[in-house]
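S.K.: next comes the sequence, and after it the predicted model I'd like to discuss.
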Amino acid sequence: MPFSRAISTHHGDSNSPGITPYGFVSEGTPLPPLEKILNTAHVISVGMRVTFRGVTTRHSALIRGPYGWGEFAPFPEYDDAEAAHWLSSALEATYLPPTVTVREQVPVNATLPAVPAHRVPDVLNNYNGDIQELKIKVAERGQTLDDDIARVAAARTALPSARLKIDANAGWTLPQAFTALTALSDYNLLYAEQPVGSISDMKQLRTQLDNAQVPVLIAADELVRKADDPLTVARAHAADLIVVKAAPLGGVRRASAVIAQSGLPAVISSALETSVGIATGVHLAASLPELPYGCGLGTVSLLDTDVSSTPLVAENGRIPVRPVAPEEARLKALAADHATRAWWLERIERCWRLLHRGYATADA
Ligand SMILES: O=C(O)CCC(=O)c1ccccc1C(=O)O
Ligand SMILES: [Mg+2]
């Protein structure tokens, strides 16, 4: 996680597996000046249509550079070291040329937050067209396995032939996960995202499910995006696939390298951004040679509104690969209050200083 470790790999010991460097480092491009970044920053507040991760209002800073717009939206509780990865990603989107893409649209899943079962049809109606793949949140704090089973059953009833998958956000213990996945596998699940927290629990769960012949794959998410080294989980053979978000991994270039080095299938997912941040994820997904599962990039539908009147939402399960420019009138209408704006600009400054220290190390 520390930036200096990402840097040291670049110049460091070629015998160690090491940590992949960020885009600016691998491209040898200097970090853009702080004043330039702050001068283009628009801090916005967007309401959520459905509470997700306990979030009811999403705050975000949009920045503009020579290659378009980027989004900086680390969740408020993240510390500066973690948030600095997100700044690196936003800066890469705006100040480095786009990487090569191999597809013009990407398949996406719809996302179902941990709502009560009776609300499932209503929430699924927020999505345009057919839903071919749906990710269902489970193991939410304060809820029970019966709540999860009822929600998954309601989704299966609403979408008899869709591909269903679940995300527990590491909310289960090992025995709870085994019990839950055994029960939920009746609904034919594609994979379970981060059922348990640790690498050792993930490995044991894999073995227990194999022995009981429960047919569900295990995906790592938090073990990729919150680990000091995003490749540890793959090296430990603790997941069948990985979930990858561009921002927490420091941008499209580093995320692509992590996926290639993991040797595992990857699902590209969002961090609940506006269309600007989604465009970064779509770009990453469009650059991958293999994309076996729907991406978790359909989350603009969970927001009240967007920075563009032509948002990056799926039509019949696909999002087109295209840049997004926020509209001036919408940025104005969504502008955060004075105190919120000041907080985000200070956060950008602190994160920029962390990145700058890393780059200074690289130059030394
Ligand atoms: O993957 C999706 O379908 C939507 C994105 C998503 O679930 C998510 C969004 C923000 C923060 C964490 C997560 C997560 O996958 O755990
Ligand atoms: Mg997840």
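M.R.: It's in. Numbering: from 1, shown residues only. Ligands and ions are numbered 1, 2, ... in the order given.
S.K.: can we go C-alpha only for contacts and neighbour counts from here?
M.R.: Fine.
S.K.: which positions in the helix with the most length in the chain come out as buried?
M.R.: The helix spanning the most residues in the chain, taking DSSP state H as the definition, is helix 338-363. Within helix 338-363, the residues that count as buried by 16 or more other Cα atoms under 10 Å are 340-341, 344-345, 347-352, 354-356, 358-359, 362.
S.K.: cool, stretch 319-331 as well?
M.R.: Of the residues in stretch 319-331, those buried (16+ other Cα under 10 Å) are Ile319, Pro320, Val321, Pro323, Val324, Ala325, Pro326, Leu331.
S.K.: now stretch 45-58
M.R.: Neighbour-count burial for stretch 45-58, counted by 16+ other Cα under 10 Å, picks out Ser45, Val46, Gly47, Met48, Arg49, Val50, Phe52, Thr57, Arg58.
S.K.: same question, stretch 203-213
M.R.: Neighbour-count burial for stretch 203-213 flags Lys203, Leu205, Arg206, Leu209 (criterion: 16+ other Cα under 10 Å).
S.K.: thinking again about what came up before, ok, which pair from the buried residues of helix 338-363 is furthest apart?
M.R.: Thr340 and Ala362 (33.1 Å; Cα to Cα).
S.K.: which helix or strand contains the nearest residue to Ala183 once chain neighbours are set aside?
M.R.: Spatial nearest neighbour of Ala183, chain neighbours left out: Ile149 (7.7 Å); criterion: Cα to Cα, 6 or more residues apart in numbering. Under the criterion of DSSP states H and E, Ile149 resides in helix 145-158.
S.K.: tell me which parts of this protein are close to ligand 1?
M.R.: The chain comes close to ligand 1 at residues Thr111, Lys135, Asn169, Ser269, Ser270, Ala271, Leu272, Gly296, Thr299, as judged by Cα under 6 Å from any ligand atom.
S.K.: any idea of the mean pLDDT for the longest helix of the chain?
M.R.: Mean per-residue pLDDT for helix 338-363: 88.
S.K.: and if you look at stretch 102-110?
M.R.: Mean per-residue pLDDT for stretch 102-110: 97.
S.K.: go on, stretch 57-66?
M.R.: Mean pLDDT, stretch 57-66: 97.
S.K.: once you drop chain neighbours, what's closest to whichever residue of the stretch 1-150 of the chain sits closest to ligand 1?
M.R.: Closest contact between the stretch 1-150 of the chain and ligand 1, by Cα to the nearest ligand atom, is at Thr111 (4.6 Å). For Thr111, the nearest residue in space outside its immediate sequence neighbours is Lys135; the separation is 4.8 Å by Cα to Cα, 6+ apart.
S.K.: my guess is that neighbour is in a helix, correct?
M.R.: No: checked against DSSP: H, G, I helix; E, B strand; the rest coil, Lys135 lies outside a helix; its state is strand.
S.K.: so what's it bridging to?
M.R.: Note on Lys135: beta-bridge partners Thr111, Lys165, judged by DSSP bridges.
S.K.: residue contacts, it?
M.R.: Asn109, Ala110, Thr111, Leu112, Leu164, Lys165, Ile166, Asp167, Gly296 (Cα atoms under 8 Å, 6 or more residues apart in numbering).
S.K.: ok, now which ones touch the third one?
M.R.: In other words, Thr111. Applying Cα under 8 Å, 6+ apart, the residues contacting Thr111 are Leu134, Lys135, Ile136, Lys137, Gly296, Gly298, Thr299.
S.K.: try it again with 7 Å
M.R.: Leu134, Lys135, Ile136, Thr299 (Cα atoms under 7 Å, 6 or more residues apart in numbering).
S.K.: ok, the last one next?
M.R.: Residues counted as contacts of Gly296 (Cα under 7 Å, 6+ apart) are Val108, Asn109, Ile268, Ser269, Ser270.
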